[in-house]
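S.K.: just coords:
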DNA sequence: TATTGTTATACTCTATAACTATA
DNA sequence: TATAGTTATAGAGTATAACAATA
């Protein structure tokens, strides 16, 4: 172990602050991108999740880390705009699957493409640097294995 | 330039995703830490800002990137809990300075100390790695100069 | 009985617009 | 007249509790 005092050393403090800056930028850009599609951040996040795969309301709440009752309203608003629809689950009639409409899929794709917040700043790093950044982030996030690209 | 297609190459995509994970963790931890003090995220952020220096309501709104009218409510609630107070500005009687009380300062400090979200994961990196992480983040964030530690 | 989704309620944060007191 | 802060209002997200339909 190199740095012993991970709590107070000035190097660590600066890294923490820089990460805070990245986090703030990330959010600003995300909200801005969502706003361009007249969506709130939460609505954009839901649409992004559903564009990967339709989900039961309950699971959606788990992914969002919020109460199921909140999901009802978010889906209501997306449904009112024709971006999402509720489908019955053939296996369990209690369950409702939230799924994006065609327009919802298009919107999600457009949203994803416009998210340059994290991509653009990476342009200033060389490939080797991105590799080492990836490896450090993997360890910070706690990824076990993974291939070497 | 090493990587030419910064938009689609799989390395960059993974880094973007990892950053997204870090951002999500950062927020969860922040909200959790604020919650332990019975504060919302916005209230904790305000208290953190004011613990550095008292600010006019207007400037506070600028830092939070929100409308001044919102700040009124946030400060109202912090003031009702005795964590913040409004002081007159001797130079301009229109201005009100928001400043933390003694208890507010203690709460802000305790809050800051409990924010291990970004610090703890850094423990798995060596000092050299933290240095190179710092340098990359600096460039991503767009810091010009800065010392070399 | 337990679970899924919803409704009802209350609180916080948000933006917009109108207001007040200063400047 | 312009600015600082506030109030009033409305929309969105959040948690809690109670409810209907289904398992």
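M.R.: On my side now, so go ahead. The model shown is predicted, which means the values in this text are computed figures rather than measured ones.

S.K.: Ramachandran angles for residue A:55?
M.R.: Dihedral angles of residue A:55 (phi, psi; degrees, to the nearest 10) stand at phi -140, psi 150.

S.K.: which residues touch it?
M.R.: Going by C-beta atoms under 8 Å, 6 or more residues apart in numbering or on different chains, residue A:55 touches A:49, A:63, A:97, A:98. (C-beta placed from N, C-alpha, C; glycine too.)

S.K.: ok, so what distance separates it from DNA strand D?
M.R.: From residue A:55 over to DNA strand D the distance is 15 Å, taken as C-beta to the nearest atom of the strand, to the nearest Å.

S.K.: Over to residue A:54?
M.R.: Look at residue A:54 and DNA strand D: by C-beta to the nearest atom of the strand, they are 18 Å apart.

S.K.: wait, doesn't that residue sit right on residue A:99?
M.R.: Yes. With contact defined as C-beta atoms under 8 Å, residue A:54 reaches residue A:99; the gap is 3.6 Å.

S.K.: Need the overlap of contacts for those two.
M.R.: What both residue A:54 and residue A:99 touch, as defined by C-beta under 8 Å, 6+ apart, is the set residue A:87.

S.K.: Tell me the first helix or strand C-terminal of the longest helix that chain A contains.
M.R.: Longest helix in chain A, counting residues (DSSP state H): helix A:10-36. Per DSSP states H and E, helix A:10-36 leads on to helix A:41-52 as the next helix or strand towards the C-terminus.

S.K.: Name the surrounding residues that touch that next one.
M.R.: A:27, A:30-31, A:33-34, A:37, A:39, A:55, A:60, A:63-64, A:71, A:74-75, A:77-78, A:83-84, A:98-100, A:104-105, A:107-109, A:111-112.

S.K.: Also stretch A:94-114?
M.R.: In this structure, residues lying in contact with stretch A:94-114 by C-beta under 8 Å, 6+ apart are A:33-34, A:36-37, A:39, A:44, A:46-48, A:50-51, A:54-58, A:60, A:71, A:75, A:78, A:82-89.

S.K.: In ChimeraX, select just the buried ones from those.
M.R.: Burial among the contacts of stretch A:94-114 is assessed by 16 or more other C-beta atoms under 10 Å in any protein chain shown; the matching ChimeraX selection reads:
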select /A:33,34,37,39,44,46,47,48,50,51,54,55,56,57,60,71,75,78,83,84,85
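
S.K.: does residue A:91 count as helix, strand or coil?
M.R.: coil (DSSP: H, G, I helix; E, B strand; the rest coil).

S.K.: measure it to residue A:72 for me?
M.R.: Going from residue A:91 to residue A:72 by C-beta to C-beta, to the nearest Å gives 21 Å.

S.K.: who has more neighbours, these two?
M.R.: A count of neighbours by other C-beta atoms under 10 Å in any protein chain shown puts residue A:72 above the other of residue A:91 and residue A:72, at 13 against 6.

S.K.: That one and residue A:61 touch, don't they?
M.R.: No. Judged on C-beta under 8 Å, residue A:72 makes no contact with residue A:61 at a distance of 9.4 Å.

S.K.: That's all I had, so thanks and see you.
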